[in-house]
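Engineer: Need a 3D model of the following:
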Amino acid sequence: MADTSTLRQALSGQVVGRKRELELVLAALAADRHVLLEGPPGTGKSTLLRAVAQSLGIGFEFVEGNAELTPARLVGHFDPARVLSDGYDPSVFVDGPLVTAMRDGSLLYVEEINRIPEETLNVLITVMSEGELNVPRLGRIAAAHGFRLVAAMNPFDAVGTARISGAVYDRVCRVAMSYQSAQEEIDIVLRNISETPVPDEWLNKVVEVVRTTRTHGDLRVGSSVRGAVDFAKVAVSLAELRGSTIGDPEVGLDAALVALSGRVRVREGGTRSAEEIITEIWTSVFQRKDGESGGGKVTAPNRGTATTR
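Structural biologist: Numbers count the residues shown, from 1 in each chain. Take a look at the predicted model:
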């Protein structure tokens with residue numbers, strides 16, 4: 001592995017913050033261990049892993065974890081047309097991402113590993129344990145030096161996820177990733193809207209609105225930093241479209257509703273809609289008077305789909 005300090009410096013230009021997580025991932029990979037990043041959506045798991053693979057200059061096979069990821073799609077298959085003419089010859093086998101990564105000694109990146117079927121997960125467990133794979137009619141495939149599994153997963157309670165067995169956790173080094181600090185999230189948004197300068201105070205409030213969705217009592221799931229990026233981008237575009245400014249309450253609230261209402265999840269049994277809750281949060285942050293800490297009662301622009309109660 002390349003010099004660690006050089007790698008960290010190179011990665012700092014691609015990943016905002018995450019110094020500790022970067023060090024842990026680099027150390028685990030240097031020790032020839034498999035790695036699992038676990039955290040809520042939008043916490044930079046994929047960004048971090050892609051940046052590490054690129055900086056290390058090693059192969060990177062990407063697999064999207066979902067219910068349709070069968071063992072055959074992961075491992076590979078014999079080409080049916082060629083089997084008819086050539087039989088089950090090794091040259092007829094079409095490598096899947098797992099076999100490709102094993103042969104090349106590269107990283108196999110599985111995104112959202114806790115969404116894949118159990119039978120597919122069992123294939124990965126076998127490879128992590130034995131460092132090899134036995135494919136019917138093809139034979140044994142040994143993992144070349146450098147092969148490692150790097151995976152990312154959302155918390156178990158996220159929609160569509162399944163609980164990962166202890167057999168997986170026993171074979172990986174787990175790195176937990178939570179939401180970043182407010183300043184780091186501001187820096188992320190700035191990187192994504194660098195072509196359109198916005199006032200610092202306004203951007204700080206955009207991030208504050210998004211972060212508040214994560215702790216609001218009526219919301220089960222809040223927005224990731226992607227919501228803040230979309231909030232800022234939509235506000236800029238909407239202001240231009242309307243011949244207004246991003247400071248216009250009509251523009252700001254509409255941008256917040258568009259960017260955030262689909263990202264949050266209202267708690268079961270709640271009496272208010274996502275639009276109403278986003279309106280409340282936006283109002284408490286953007287129409288807060290000087291000296292108020294938030295929650296002051298002020299009036300938001302009326303919206304047919306988001307009225308306050």
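Engineer: Nearest residue to residue 247 in space, please, no chain neighbours.
Structural biologist: residue 202 (6.6 Å; CB to CB, 6 or more residues apart in numbering). The way it works is simple: take the backbone N, C-alpha and C, and place the C-beta from them, glycine included.
Engineer: mind checking how far residue 222 is from residue 261?
Structural biologist: The span separating residue 222 from residue 261 equals 12 Å under the rule CB to CB, to the nearest Å.
Engineer: do residue 254 as well
Structural biologist: Residue 254 sits 11 Å away from residue 261 when distances are taken as CB to CB.
Engineer: And residue 22, by the same measure?
Structural biologist: 33 Å.
Engineer: again with residue 141
Structural biologist: Residue 141 sits 48 Å away from residue 261 when distances are taken as CB to CB.
Engineer: helices or strands next to the longest helix along the chain in the packing?
Structural biologist: Across the chain, the longest stretch assigned as helix under DSSP state H is helix 225-242. Counting contacts by 3 or more CB pairs under 8 Å, 6 or more residues apart in numbering; DSSP states H and E, helix 225-242 is packed against helix 182-192, helix 200-213, helix 249-260.
Engineer: ok, the nearest residue to residue 230 once chain neighbours are set aside - contacts?
Structural biologist: Excluding the flanking residues, the one nearest residue 230 by CB to CB, 6+ apart is residue 259, at 3.9 Å. Residues counted as contacts of residue 259 (CB atoms under 8 Å, 6 or more residues apart in numbering) are 223, 227-228, 230-231, 234.
Engineer: So which of those is the closest to residue 17?
Structural biologist: residue 228 (14.8 Å; CB to CB).
Engineer: I figured that closest one was touching residue 187, is that so?
Structural biologist: No: contact criterion CB atoms under 8 Å: residue 228 and residue 187 do not qualify, at 11.1 Å.
Engineer: Quickly note the distance from residue 230 to residue 201.
Structural biologist: Going from residue 230 to residue 201 by CB to CB gives 20 Å.
Engineer: try residue 228
Structural biologist: Counting by CB to CB, the gap from residue 228 to residue 201 is 15 Å.
Engineer: Could you list which residues are in contact with the residue nearest to residue 95 when sequence neighbours are not counted?
Structural biologist: When the adjacent residues along the chain are set aside, residue 95 lies closest to residue 76, with 4.6 Å between them (CB to CB, 6+ apart). Contacts here follow CB under 8 Å, 6+ apart; on that basis residue 76 touches 93-96, 98-99, 135.
Engineer: Let's see that with 10 Å instead.
Structural biologist: By CB atoms under 10 Å, 6 or more residues apart in numbering, the residues touching residue 76 are 93-100, 133, 135, 138, 141.
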